[in-house]
Structures are given as C-alpha cells and as structure tokens.
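**Student:** Please work out how this folds:
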Amino acid sequence: MAAKRSGAQSKRSHRKKTDAPPRSEPPLSLERIVATAVELLDAQGVDGLTMRQLADRLGSGVMSLYWHVDNKEGVFDLALDAVLEYRGPPQIVEAQDWRTAIIHMLEDWRGSMLRHPWSASLLPSRTLGPNILGRLELLSKTLSGAGVTDADMNVAIWSLWNYVMGATITRASFDRSDDDMDAAQQRLTSLSAHYPTIERTRLLLDNDWDGVFRNGLDFLLDGFAPRPGGVGAPR
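**Tutor:** Below you'll find the model as predicted:
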C-alpha cells in the first residue's frame with residue numbers, strides 16, 4: 001500500500017510540475033485601461049467605445065473598471081490626453097530659433113491627431129488634461145520669449161489652435177482618389193470662365209497636405225515675428 005501511495009503521489013507531483021497554469025490577463029491598471037481605450041478608439045471611433053467593450057477587450061468585468069475610472073467620459077478625457085502628450089527634444093524647445101520650436105510643436109500636434117483621428121472631434125469638448133495644458137503652456141512660453149506680449153498672447157494661441165485643428169480635420173475628412181480629383185479638375189476647367197484663378201492654380205488637384213500645412217504655418221508665424229522695439233504680434 002505504501003508503494004501504491006508513493007506512486008500516486010509521484011504522479012500528482014509530476015502533473016503539478018508539467019501542467020501549465022491557465023493564462024491570465026495582466027493586472028488591471030489605469031495605464032492598461034487608457035492604452036486599451038486608445039486602441040479601441042483607433043479601431044472603432046468614439047461611438048465604438050463603451051464600458052462593456054472596453055472591459056471585454058481588457059478581459060475584465062465592467063465593474064472592475066470603476067475602481068480606476070469614474071465613467072466613460074473620464075476614459076475619453078484620459079485617452080485624449082494620452083495621445084496628445086508632447087515629447088519634443090529639449091534642445092529644440094529651448095533653442096533660440098523660436099520658429100523652429102513652434103513648428104516642431106505644431107507639426108507634432110497635427111501628427112498625433114492624424115494618427116488618432118477621433119482626437120480632433122473630442123478635443124473641443126473635453127476637459128483639458130495635463131499633457132494638453134502642457135503643450136499650450138510651452139507654446140505660450142516660446143511665443144513670449146519671441147516677443148509676443150501678454151495682450152496678444154491669446155490671439156496668437158487661438159490662431160495656432162484653429163490652424164492646427166482646421167488642417168487636421170480637413171485632411172482627415174478628405175478621402176478623394178486620383179480619379180475623383182481628376183474629374184473635379186476637369187469640371188472646373190469646363191467652368192473656367194467663372195472660376196479662372198482656382199482653375200489656373202489647379203486647386204482641386206493639390207494634395208500635398210504636409211507641404212500646405214508647413215508653408216501655411218510660415219504665413220501665420222510671419223505675423224508673430226517681433227517688430228522693432230520688442231513689440232510682439234501686431235494687432
């Protein structure tokens with residue numbers, strides 16, 4: 001009997017050593033929730049994010065999410081702030097060339113929103129988180145160092161905000177094939193007597209989105225260039 005018991009114990013011991021434990025999801029954390037929410041928003045957009053879908057993707061129960069976030073609105077705020085974090089090189093931000101610093105900040109901002117198109121629709125209506133506020137503070141500080149006065153600062157900031165938002169939404173919304181653009185230009189050519197300038201410049205064929213953004217930004221920043229006497233952006 002002792003030998004039999006010993007053999008049974010040996011078999012049980014062998015099973016414990018060789019049977020792989022069931023795989024489980026990593027522990028639920030705020031970081032995982034936010035990262036997974038961003039993945040869900042990227043895949044399905046704002047309407048595709050529900051607490052149930054988020055919990056399913058995390059492999060957890062819905063109620064477990066509420067230990068980390070208050071509600072779905074809070075998830076939106078956290079996801080938006082996460083994708084708009086600015087990790088610009090300090091040497092660019094602190095450079096004497098204020099235009100280089102601002103261009104880098106705004107191109108990074110636009111690039112972040114194009115990678116996550118849902119962010120542009122959320123940003124105007126959400127609570128501004130620390131990453132977004134940090135961007136605005138850094139932008140304001142750079143403009144101030146360039147000579148833009150406090151009296152003109154809000155005009156400068158909102159002008160740049162509107163430019164970035166408009167450029168991002170326009171780029172994300174346009175989904176035209178080469179054939180579509182050619183057809184539009186041909187129609188414009190047939191109406192050139194009414195629209196001679198935009199027909200001549202071939203406006204409807206221009207799809208250099210990055211170039212247009214960059215060159216348009218130069219036009220805008222020209223208005224912020226310091227004038228003699230240290231005065232900032234002109235009124």
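**Student:** Once you drop chain neighbours, what's closest to Gly88?
**Tutor:** Spatial nearest neighbour of Gly88, excluding adjacent residues (C-beta to C-beta, 6 or more residues apart in numbering): His104 at 5.8 Å. Quick note: C-beta positions are derived from backbone N, CA and C, even for glycine.
**Student:** State the mean pLDDT of the helix or strand where that neighbour lies.
**Tutor:** Under the criterion of DSSP states H and E, His104 resides in helix 98-115. Regarding helix 98-115, the rounded mean pLDDT is 93.
**Student:** repeat for stretch 75-95
**Tutor:** For stretch 75-95, the mean pLDDT works out to 80.
**Student:** hang on, the earlier thing: now for the helix holding His104, which elements pack on it?
**Tutor:** helix 72-83, helix 90-93, helix 118-122, helix 130-145, helix 150-173, helix 209-222 (3 or more C-beta pairs under 8 Å, 6 or more residues apart in numbering; DSSP states H and E).
**Student:** these two touch, right, Ser29 and Trp67?
**Tutor:** No - between Ser29 and Trp67 there is no contact under C-beta atoms under 8 Å: 10.1 Å.
**Student:** Next, the angle from the helix holding His104 to helix 209-222.
**Tutor:** Between helix 98-115 and helix 209-222, the angle comes out at 140 degrees (axes from the mean of the first three to the mean of the last three C-alpha atoms, to 10 degrees).
**Student:** If you count neighbours, what's buried in helix 98-115?
**Tutor:** Within helix 98-115, the residues scored as buried using 16 or more other C-beta atoms under 10 Å are 98-99, 101-106, 108-110, 112-114.
**Student:** do stretch 167-184 as well
**Tutor:** Across stretch 167-184, burial judged by 16+ other C-beta under 10 Å covers 167-168, 171-172, 181.
**Student:** Burial check on Leu80, number of neighbours?
**Tutor:** When neighbours are defined as other C-beta atoms under 10 Å, Leu80 has 28 of them.
**Student:** Hmm, Gly129 and it touching each other?
**Tutor:** Yes - if you go by C-beta under 8 Å, Leu80 and Gly129 touch, sitting 7.0 Å apart.
**Student:** Check what pLDDT Ala2 gets.
**Tutor:** Confidence score, pLDDT, at Ala2: 46.
**Student:** returning to that earlier point: to Ile198, which of the helices and strands packed on helix 98-115 lies closest?
**Tutor:** Nearest to Ile198, of all the helices and strands packed on helix 98-115, is helix 209-222, at 14.4 Å by C-beta to C-beta.
**Student:** is it true that Asp182 lies in a helix?
**Tutor:** Yes - membership of Asp182 in a helix is supported by DSSP: H, G, I helix; E, B strand; the rest coil.
**Student:** What residues does it make contact with?
**Tutor:** Neighbour list for Asp182: Leu205 [criterion: C-beta atoms under 8 Å, 6 or more residues apart in numbering].
**Student:** now swap in Asn162 and tell me
**Tutor:** Contacts of Asn162 by C-beta under 8 Å, 6+ apart: none found.
**Student:** low-scoring pLDDT stretches of the protein, where are they?
**Tutor:** 1-25, 89-96, 226-235 (pLDDT under 70).
**Student:** Show me how it divides into domains.
**Tutor:** Using automatic domain parsing, the domain ranges for the chain come out as 28-83, 90-222.
**Student:** So which of these has the densest surroundings on average?
**Tutor:** Greatest average neighbour count among the domains of the chain goes to domain 28-83 (a mean of 16), per mean count of other C-beta atoms under 10 Å.
**Student:** mind checking the end-to-end distance for it?
**Tutor:** 20 Å (C-alpha to C-alpha, to the nearest Å).
**Student:** returning to what we had before: can you name the two of the buried residues of stretch 167-184 that are farthest apart?
**Tutor:** Taking C-beta to C-beta, no two of these sit farther apart than Thr168 and Met181, at 20.3 Å.
**Student:** Having no further points to raise, I will conclude here.
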